[in-house]
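Visitor: fold the following and give me the result.
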Amino acid sequence: MIEVLSSGLYTTIQDLGRYGYRKYGVPLSGVMDGYSAKLANQLLGNTKNCAVLEITLTGPVLKFKKATQIVITGAGFTPTLNYKEIFMNTPVEVPSTSILSFGLPAYGFRGYLAVAGGFKTENVLGSSSFYKGITQEGLLQKGTVLEINPSERSKIKTNALVSVKKTHFIEKNVEVQKGPEFDNLTKSEQRKLQELQFTVTSKSNRMAYLLECPSILTVKEIITAPVQPGTVQITPSGKIMVLMRDAQTTGGYARILQLTEKSINQLAQKRAGDKVGFLFLEY
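Guide: You can find the predicted model right below:
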């Protein structure tokens, strides 16, 4: 068991998402950066859909009531175990009564904590992912005691660190495909989307990233239509809105672009003030 001594800025439990319920208006949810989360589980020998802690910018402080193994991946935190720095991207032994805490990340925005066996949490509509209104909690709370599933695998012993490409966190251009309403833009606006860089705003969250445009872009709204994580829309005020994991299932703004899965993962590691450009894929 793990006691939450401090919850951090925005810490949630996530797995790979809640599939099969979009027709009822239920968002997919799930980890924002699937690449980093899957890596954490893989390094422990967990199944890829084991629940993990998703840590945003400021991490929690956790007390382990039972010995286990952990892996921390994602943003460049400086995690400490019993006030001694530990490595990321490799299995770490955690003795009973240990205290785990996190420093601010040197790069990236979100980190992932996996435990051997995965977190044992409430499963709602086929997923453990937090989403207020679907699950009882929307955020990890101070004082919560998290249970851990028993692990059937032997402890993994390694001194090796997995090399993670820093481009995943610092790449400014994210891959996109043209969306259904891309041709509703003028040729001039289409060129701007390919040439300009946009700024991530402080209003960005798990539902959507808002990007400020250096030039005003406009396009007519549409009749409400299906959307999904990675759908890029233009708001009436001219902002670029990129839907993320907790996004609604339909929308009335023009769907001008669609991010690839790789790009959604990369964008999830951007913080307010970071620059983003669109790299068009041609087929």
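
Visitor: right, and residue 85 touches residue 92 too?
Guide: No - under the criterion of C-beta atoms under 8 Å, residue 85 is not in contact with residue 92, lying 10.9 Å apart. Placement of C-beta: from N, CA and C, glycine included.

Visitor: and these two? Which one has more around it.
Guide: For residue 85 versus residue 92, the count of surrounding residues by other C-beta atoms under 10 Å is larger for residue 92: 17 against 9.

Visitor: next, residue 240: phi, psi?
Guide: Summarising the backbone geometry of residue 240 under the convention degrees, to the nearest 10, its torsions are phi -90, psi 130.

Visitor: in contact with the residue nearest to it when sequence neighbours are not counted, which residues?
Guide: Of all residues not flanking residue 240 in the chain, residue 211 sits nearest, at 4.0 Å (C-beta to C-beta, 6 or more residues apart in numbering). Neighbouring residues of residue 211 by C-beta atoms under 8 Å, 6 or more residues apart in numbering: 198-201, 239-242, 276.

Visitor: which among the residues you listed gets closest to residue 48?
Guide: Of all these, the one with the least separation from residue 48 (C-beta to C-beta) is residue 242, at 24.5 Å.

Visitor: and that closest one, what does it touch?
Guide: Neighbour list for residue 242: 208-211, 230-233, 259, 267 [criterion: C-beta under 8 Å, 6+ apart].

Visitor: any idea which element residue 199 lies in?
Guide: Mapping residue 199 onto the secondary structure by DSSP states H and E places it in strand 197-200.

Visitor: with residue 192 instead?
Guide: Mapping residue 192 onto the secondary structure by DSSP H and E places it in helix 187-195.

Visitor: and the residue nearest the centre of the protein?
Guide: residue 32 (1.7 Å; C-alpha atoms, centre = their mean).

Visitor: isn't that residue right up against residue 55?
Guide: No - no contact is recorded between residue 32 and residue 55 when judged using C-beta under 8 Å, the distance being 10.7 Å.

Visitor: picking up where we left off before, any of the contacts of residue 242 buried? List them.
Guide: By neighbour count, with 16 or more other C-beta atoms under 10 Å, the contacts of residue 242 hold 208-211, 230-233, 259, 267 as buried.
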